[in-house]
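1. take this sequence and fold it.
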Amino acid sequence: MTKTTKSFRAHPLANAVALAALPLVALGASVAQAQDSELEQLRQRVDQLESRLAGAVSTAPELTEENPYILREGDGLKIGDTTLSFGGFIKADVIYGSNGNGHKNGYSIGLPRSFASAAATDNDWKVGFTARETRFSIGTETDDVAGHTLRTYLEMDFNQAADSDGNEIVSNSYSPRLRQAYGNWNGWSFGQTYTTFSDLAAMPEILDQGKMAGFIYVTQPQLRYTTSAPGGSFMVALENPEDGFGSVSYDDQSYPDLTARYQFRGHYGVYSVSGIVRNLEDDASNDTELTGAVGFSARIPTYGKDDLRLQYNYGALGRYMGLYTYPDVDLAAQAAGKVEALESYGVTAAYRHFWTPSWRSSLTVSHTEIVSDLTNPVATPVANGTLSYFDSSSSVHANLLWSAHKNLTLGLEYAYWDFGVIGSASSNQYEQVMASAKMTF
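-> Presented below is the predicted three-dimensional model:
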């Protein structure tokens, strides 16, 4: 049997159909690829949208009837482009002083001069309770104000002068007073804050804050510029001039006080060198004197969290040192028609030791002394050219503090003062025991 083989040939119509379908197949493949690409892009967009939505949900404000627009952000409240923060503390003090402290309302605002007055008397120990050191503050931060961040700060307390309105009989009511009010923008500071002449990094931690014999502790209006410098920063400022005390002003000055400070910060601590130039003048005598002072301070880490804090100042310090322990000029010389700067020096050393993370102590020793020759060296205030009977003062503060929480600190402190009588080898002493509860917010 013969086997026949037939060859297969595509029908001409089939060939035509196949050739015509090739572009469609290619188009379908390209469409499928395009669809896959679009789907991938769509998936990426969905992922991005979900991510943004998740972020928006996590930071969105909780809408309430009382507060529908404020967004909590970090440590403040954001209103529009500005973040607003609140702070401060409630400070309750009990002060038990030898011979009282010599001033109405003075248990919370006692000055070295008032301590010296109490030391010169022979009364019993007196006790006083106060909450007048309580402070509250408001701060703001606004981004991109002409290309820079604008920050403002306002701080007030109730620690007015000894002769201010208010009493301890019924209400113990005292008006707020301005401590700080300034703004900072592009390195410039405008308003009232601590003098540039002082470095608060070296401030000892004591309960009776600022009341060391020789520390620089002044707040006043100023115009300051701060710029970076090798290892730290450099500050220069024009500050409000004054050479009076209390409600007594010797004269309105013609030129501002010029202050400057270079601060170095590193692994070995914080160090500062500062200076001040002052023009003291008296219209009654038409006499003036250009004078100044220099200062050095340091905060040196030692063992663990412990640190050593030092400050030394020399020159026409006057109202800048020790809460105005000495006047700016020799008052006896001024009464005779001559402006003579009263030069003095002050030195402070403080060591802070942590017994445990929550228990710590500070031992602070401070001393001041007049180095100018007094025009009339007698132990009578003003007649001797000073504001009190002494030409030197020394203070020692020792405390024990317990921080149960960063917002709660309880402490007990003992202070001892010694005042050297002008023209004599004798001195008078004042002692004080203080307990405090400080609750920050």
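2. may I ask which helix or strand of this protein has the lowest mean pLDDT?
-> strand 71-73 (a mean of 45; mean pLDDT, DSSP states H and E).
3. where do the helices sit along the chain?
-> 12-59, 112-119, 331-335 (DSSP state H).
4. lowest-confidence stretch among those helices?
-> Per-stretch mean pLDDT for these is lowest at helix 12-59 (a mean of 52).
5. residue 291 reaches residue 314, doesn't it?
-> No: using C-beta atoms under 8 Å, residue 291 is not in contact with residue 314; the gap is 11.8 Å. Where C-beta positions appear, they are placed from N, C-alpha and C, glycine not excepted.
6. more neighbours: those two, which one.
-> Taking neighbours as other C-beta atoms under 10 Å, residue 291 and residue 314 compare with residue 291 leading, 20 against 16.
7. give the contact list for the more buried one.
-> By C-beta atoms under 8 Å, 6 or more residues apart in numbering, the contact list for residue 291 reads 277, 278, 279, 280, 315, 316, 341.
8. neighbour-wise, which one of those residues leads?
-> Busiest of the contacts of residue 291 [other C-beta under 10 Å] is residue 278, holding 27 neighbours.
9. so that residue sits against residue 257, correct?
-> Yes: between residue 278 and residue 257 there is a contact under C-beta under 8 Å: 5.2 Å.
10. so what sits against both of those two?
-> residue 241.
11. pLDDT below threshold where in the stretch 301-441 of the chain?
-> Along the stretch 301-441 of the chain, the model assigns pLDDT under 70 to no residue.
12. look up which residues are beta-bridged to the nearest residue to residue 440 once chain neighbours are set aside.
-> The shortest distance from residue 440 to any non-neighbouring residue, by C-beta to C-beta, 6 or more residues apart in numbering, is to residue 89 (4.2 Å). Applying DSSP bridges to residue 89 gives these bridge partners: residue 135, residue 440.
13. list the contacts of the residue nearest in space to the middle of the chain.
-> Geometric centre of the chain, nearest residue: residue 200, 7.0 Å, by C-alpha atoms, centre = their mean. With contacts taken as C-beta under 8 Å, 6+ apart, residue 200 has the following neighbours: residue 194.
14. before we move on, the earlier item: identify the farthest-apart pair in the contacts of residue 291.
-> Pairwise distances among these were taken by C-beta to C-beta; the largest, 13.8 Å, belongs to 279 and 315.
15. residue 431 contacts residue 96, correct?
-> No: between residue 431 and residue 96 no contact is recorded; they are 9.0 Å apart, counting by C-beta under 8 Å.
16. which residues touch the nearest residue to residue 88 once chain neighbours are set aside?
-> Nearest in space to residue 88, with sequence neighbours left out and distances taken as C-beta to C-beta, 6+ apart, is residue 136 at 3.7 Å. Residues near residue 136 by C-beta under 8 Å, 6+ apart: 86, 87, 88, 155, 156, 157.
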